[in-house]
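Trainee: No letters, just coordinates:
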RNA sequence: GGCCUCGUAGCAUAAUUGAAUAAUGCAUCGCACUUCUAAUGCGACGAGUGCAGGUUUGAAUCCUGCCGGGGCUACCA
């Protein structure tokens, strides 16, 4: 709803009842006549009349006060207002006057917003869970940019610790000196096989020790391979050149693999943080915090914070031997980031199993007195389940990201060829199209769900191209573009004097008009799902319009020109909305 | 045990953060292509929102209890 409507309605409410708050106008449900609806229940105590009488009273006053409305009807406590046709005309004038309707100009003065996402470990390839994380992080970044912020995208790579030492140990023993190239494997997958190989070896050794009569605890702590891995970790920390060399070689393999997947998904980071460089951060901040009384040291030397007054527990921030825990490092890294960049906001895209961690982290930073602590946000997304339950690596049900993308592209190919839609395209064009469609299906399937909710990933539904899906929206876009291509050279001038709006056109205009509010809401609620819903609404509204209105064969030249303009606005809104989701909009499909 | 979270048609998701007869898609059944891409549109069928109370003019949304799923509860997060 436009400003004008809201101000007109509030003026009348002030006159009538002395009501000062801003009224809530909502779109009228389709089953009633009207475009905007005012809920009148809140005014009953002031009007001291029945809901219908009150609605009629307000409606009559509005008609008298403003030309914005032509009619109204009162149904129970709902006042349905019919907008004057010229209101839709000005909506359309507004939305097509802007070259990028829906995107707010970037405020260069404002510090950037940082978004951390993906943040993988370097011991195994990316899987479906990372995919949700990555898609959310990327889309959120785009949405924040569209809402007028500069954005800094970062990931923190967990490149050190026992996990990578396990892979290193296994490669030393079973790798035969082979590299991803010589093995013909993607680097992250290659390293991942050694992580798995280590686990097999470890379990065998534990079993052996137990068979020799040792208790389970002992066996787990004394398996030779595990002792060697721990020794390797110690050497890593002592910067042993040999260990460090192998470590960086294997991590490089992994990064090459990750980068291939990121590139495929269209993901770019502005800055990578590596734990090997940040894991010592935070200790000084803890010391400082002890001085200021935020933390306290126990007799054994460990350092804690007492959050019981805040409804949480006591939390360790430094071990008794002086080494860090994750919290220590996260405190230091957050502080570091505000030094590294001119930012005033930091969002972590991390699964909801870490809700507690982030509550504590943010609270600690607040207590340490950082003014930006209020601008930290944990976009806590739900786990991705498969139709038969949770992904379990031990049961081999983990969905690999690369495999998934392959399957999506293959499905797009077979479906498109079955429909015979790709005649005349070169093979590279086809490959590109199938990638765009397959990824579009996957991305939309994941992003249309509220990030906070746990979701079920059904492989069969995810490759669906009909209904509430990415390809449906892409298809709608392609159809509009096809019409626009054919409209080239036709007369393009028209005026409102020659055009009267039908209901479908009004719906379409009203839908597209919401774009800026949608972006604002998506940014405010950190929810790409809001944009996903909008894109679907636009596609549906256009298809409904298209079904009953001929565009290129409309009755008059003016009407053709108008409808072409409306189609153009539709296409660009669709393209931009999809772009905010990280989805490409093909010209034809 | 404590804390956090979720429970909406057969399935998957919505519901502008408290408003109208709970929306959309899939599935099922039916209708519409000599017309700008039918990967489309239109219609039918299908839930009263886990259960029981409460607050409110009004509750899927808020409160209480119970049932059920998930997460966290380590000097790992």
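Mentor: Thanks, I have it. Predicted model only: the values in this text are computed from it and were never measured. Numbers count the residues shown, from 1 in each chain, chains lettered A, B, ... in the order given.
Trainee: what about the residue of the stretch 351-500 of chain A found nearest RNA strand B, distance to residue A:86?
Mentor: Sorted by distance to RNA strand B under C-beta to the nearest atom of the strand, the residues of the stretch 351-500 of chain A start with residue A:467, at 2.1 Å. (Each C-beta comes from the backbone N, C-alpha and C, glycine too.) Per C-beta to C-beta, to the nearest Å, residue A:467 is found 36 Å from residue A:86.
Trainee: do residue A:51 as well
Mentor: Look at residue A:51 and residue A:86: by C-beta to C-beta, they are 30 Å apart.
Trainee: the more surrounded of the two?
Mentor: residue A:51 (19 against 14; other C-beta atoms under 10 Å).
Trainee: Confidence-wise, which helix or strand of chain A is lowest on average?
Mentor: strand A:389-390 (a mean of 84; mean pLDDT, DSSP states H and E).
Trainee: for the residue of the stretch 351-500 of chain A closest to RNA strand B, what are its contacts?
Mentor: By C-beta atoms under 8 Å, 6 or more residues apart in numbering, the contact set of residue A:467 is empty.
Trainee: before we move on, the earlier item: who touches the least confident helix or strand of chain A?
Mentor: Residues contacting strand A:389-390 (C-beta under 8 Å, 6+ apart): residue A:383.
Trainee: name the helices or strands packed onto the host helix or strand of residue A:547?
Mentor: When secondary structure is defined by DSSP states H and E, residue A:547 falls within helix A:528-548. Counting contacts by 3 or more C-beta pairs under 8 Å, 6 or more residues apart in numbering; DSSP states H and E, helix A:528-548 is packed against helix A:128-146, helix A:427-447, helix A:470-486, helix A:503-513, helix A:515-525, helix A:557-580.
Trainee: buried set for the longest one?
Mentor: Neighbour counts over helix A:557-580 (16 or more other C-beta atoms under 10 Å) mark A:558-580 as buried.
Trainee: now stretch A:498-514
Mentor: Across stretch A:498-514, burial judged by 16+ other C-beta under 10 Å covers A:499, A:501, A:504-514.
Trainee: May I ask which two of the residues you listed are separated the most?
Mentor: By the measure C-beta to C-beta, A:499 and A:514 form the most distant pair in the buried residues of stretch A:498-514, at 21.7 Å.
Trainee: those strands in the stretch 251-400 of chain A, which residues are they?
Mentor: Shown for the stretch 251-400 of chain A, the strands assigned by DSSP state E, counting those that start in this stretch span residues A:271-274, A:296-297, A:303-306, A:314-318, A:343-351, A:376-381, A:384-386, A:389-390.
Trainee: Could you report the distance from the nearest residue to residue A:545 once chain neighbours are set aside to residue A:548?
Mentor: Computed as C-beta to C-beta, 6 or more residues apart in numbering, the closest residue to residue A:545 that is not its neighbour in sequence is residue A:504, at 4.1 Å. Residue A:504 is 6 Å from residue A:548, where distance means C-beta to C-beta.
Trainee: Name the SS class of residue A:153, please.
Mentor: Secondary structure, DSSP: H, G, I helix; E, B strand; the rest coil: residue A:153 is strand.
Trainee: can you give me the end-to-end distance of stretch A:377-391?
Mentor: Terminal residues of stretch A:377-391 are spaced 27 Å apart (C-alpha to C-alpha, to the nearest Å).
Trainee: Could you report the separation of the closest residue to RNA strand B within the stretch 301-450 of chain A from residue A:2?
Mentor: Across the stretch 301-450 of chain A, no residue is closer to RNA strand B than residue A:326, which sits at 2.0 Å (C-beta to the nearest atom of the strand). Spatial separation of residue A:326 from residue A:2 under the definition C-beta to C-beta is 49 Å.
Trainee: On the pLDDT front, check the closest residue to residue A:500 other than its chain neighbours for me.
Mentor: Nearest non-adjacent residue to residue A:500, counting by C-beta to C-beta, 6+ apart: residue A:85, 7.1 Å away. If you check residue A:85, the pLDDT there is 88.
Trainee: Verify the contact between residue A:85 and residue A:501 for me.
Mentor: Yes: if you go by C-beta atoms under 8 Å, residue A:85 and residue A:501 touch, sitting 5.9 Å apart.
Trainee: Would you mind giving the domain segments of chain A?
Mentor: By the assignment in automatic domain parsing, chain A contains the domains A:3-83, A:161-251.
Trainee: Could you provide those domains in CSV, with additional columns for distance to RNA strand B?
Mentor: Below are those laid out as CSV (distance: least, C-beta to the nearest atom of the strand, whole Å):
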stretch, distance to RNA strand B
domain A:3-83, 3
domain A:161-251, 9
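Trainee: Among those, which one carries the weakest average confidence?
Mentor: domain A:3-83 - the lowest mean pLDDT of the domains of chain A, at a mean of 89.
Trainee: start to end distance for that one?
Mentor: From its first residue to its last, domain A:3-83 covers 14 Å (C-alpha to C-alpha).
Trainee: ditto for stretch A:484-494
Mentor: In stretch A:484-494, first residue to last residue: 16 Å (C-alpha to C-alpha).
Trainee: Any part of that stretch near RNA strand B?
Mentor: Yes: judged by C-beta under 7 Å from any atom of the strand, stretch A:484-494 and RNA strand B are in contact via residue A:486.
Trainee: Need the contact partners of that stretch.
Mentor: Counting by C-beta under 8 Å, 6+ apart, A:551-552, A:557-562, A:564-565, A:567-568, A:571 sit against stretch A:484-494.
Trainee: chain center to it, what's the gap?
Mentor: Stretch A:484-494 sits 37 Å away from the centroid of its parent chain (C-alpha atoms, centre = their mean, to the nearest Å).
Trainee: Same question for stretch A:233-245.
Mentor: 38 Å.
Trainee: for stretch A:235-252, same thing?
Mentor: 35 Å.
Trainee: Can you pull out the residues in contact with that stretch?
Mentor: Stretch A:235-252 has contacts (C-beta under 8 Å, 6+ apart) with A:122, A:159-160, A:164-165, A:167-168, A:171-172, A:187, A:191, A:232.
Trainee: Which ones among the residues you listed lie within helices?
Mentor: Using DSSP state H, the members of these that fall in helices are A:164-165, A:167-168, A:171-172, A:187, A:191, A:232.
Trainee: among these, which ones are buried?
Mentor: Those of the ones in helices among the contacts of stretch A:235-252 that meet the buried threshold are A:164-165, A:167-168, A:171, A:187, A:191, A:232, by 16+ other C-beta under 10 Å.
Trainee: Looking at those residues, which one is closest to residue A:362?
Mentor: Closest to residue A:362, out of all of those and judged by C-beta to C-beta, is residue A:164, at 28.8 Å.
Trainee: right, and residue A:376 touches residue A:334 too?
Mentor: Yes: here residue A:376 reaches residue A:334: they are 7.2 Å apart, a contact under C-beta under 8 Å.
Trainee: Now for the two: what residues contact both?
Mentor: With contacts taken as C-beta under 8 Å, 6+ apart, the residues that reach both residue A:376 and residue A:334 are A:346, A:361, A:365.
Trainee: how close does residue A:190 sit to residue A:34?
Mentor: Using C-beta to C-beta, residue A:190 is found at 63 Å from residue A:34.
Trainee: In terms of neighbours, single out the busier of the two.
Mentor: Per other C-beta under 10 Å, whichever of residue A:190 and residue A:34 has more neighbours is residue A:190, with 25 against 21.
Trainee: Might one say that the more buried one is in contact with residue A:253?
Mentor: Yes: assessed by C-beta under 8 Å, residue A:190 is found in contact with residue A:253 at 6.0 Å.
Trainee: Can you pull the residues that touch both of those two?
Mentor: Common contacts of residue A:190 and residue A:253 (C-beta under 8 Å, 6+ apart): A:179-180.
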